[in-house]
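> after the sequence you'll find the predicted model.
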Amino acid sequence: MRKLFLLMVVLVLVAGCGGGASTPTEEPSSPGIVPEATEQVEETDELDIEPIRIAVVMPSATTDMAWSQAIFDALLRIQEKAGGEDVVEIAFTEGMFNVTDAAAALRDYAADGYNLVIAHGTQYGSSLFEIA
């Protein structure tokens, strides 16, 4: 069940990053008739939603101008577009090229209740089978 939930979170994040197809707007059929504006209801109640917590373990620094920086910048953009730190919480551990240390960090994030824990490197593959 947990794996299914994490898969759904990833799919939502990926879908949110994609560009939407633009749809042409309809023009009124006769120039003298203007369609009535629909009334939009503003919600005044704020929803009490817990933030999505994402953790990522990376083999190098978030400023490496390559692999780790790419995912870190992408996560920051997702956080910004989703509404900020109140909606998406991001935690990261960088410089984890040692697989044993990275596996410990992944276990810690999972134990801390993060919704999505990302092991950003193929070197972590064997450890993920043991952790999952």
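Noted; the coordinates are in hand.
> for this structure, which residues score under the pLDDT cut-off?
1-47 (pLDDT under 70).
> try it again with 90
Along the chain, segments meeting pLDDT under 90 span 1-49, 126-132.
> how long is stretch 51-70 end to end?
23 Å (Cα to Cα, to the nearest Å).
> now the helices: where do they sit in the protein?
All helices of the chain, identified by DSSP state H, fall at 2-17, 67-82, 99-111, 125-131.
> so who does the closest residue to residue 67 other than its chain neighbours touch?
The shortest distance from residue 67 to any non-neighbouring residue, by Cβ to Cβ, 6 or more residues apart in numbering, is to residue 60 (6.4 Å). For glycine as for every other residue, the C-beta is placed from the backbone atoms N, C-alpha and C. Contacts for residue 60 (Cβ atoms under 8 Å, 6 or more residues apart in numbering) come out as 66, 67, 68, 94, 95, 97.
> grab the nearest non-local neighbour of the first one.
Leaving aside its chain neighbours, residue 66 sits nearest to residue 60 (7.2 Å; criterion: Cβ to Cβ, 6+ apart).
> so what's the nearest residue to residue 75 once chain neighbours are set aside bridging to?
Of all residues not flanking residue 75 in the chain, residue 90 sits nearest, at 5.2 Å (Cβ to Cβ, 6+ apart). In this entry, residue 90 is beta-bridged to residue 54, by DSSP bridges.
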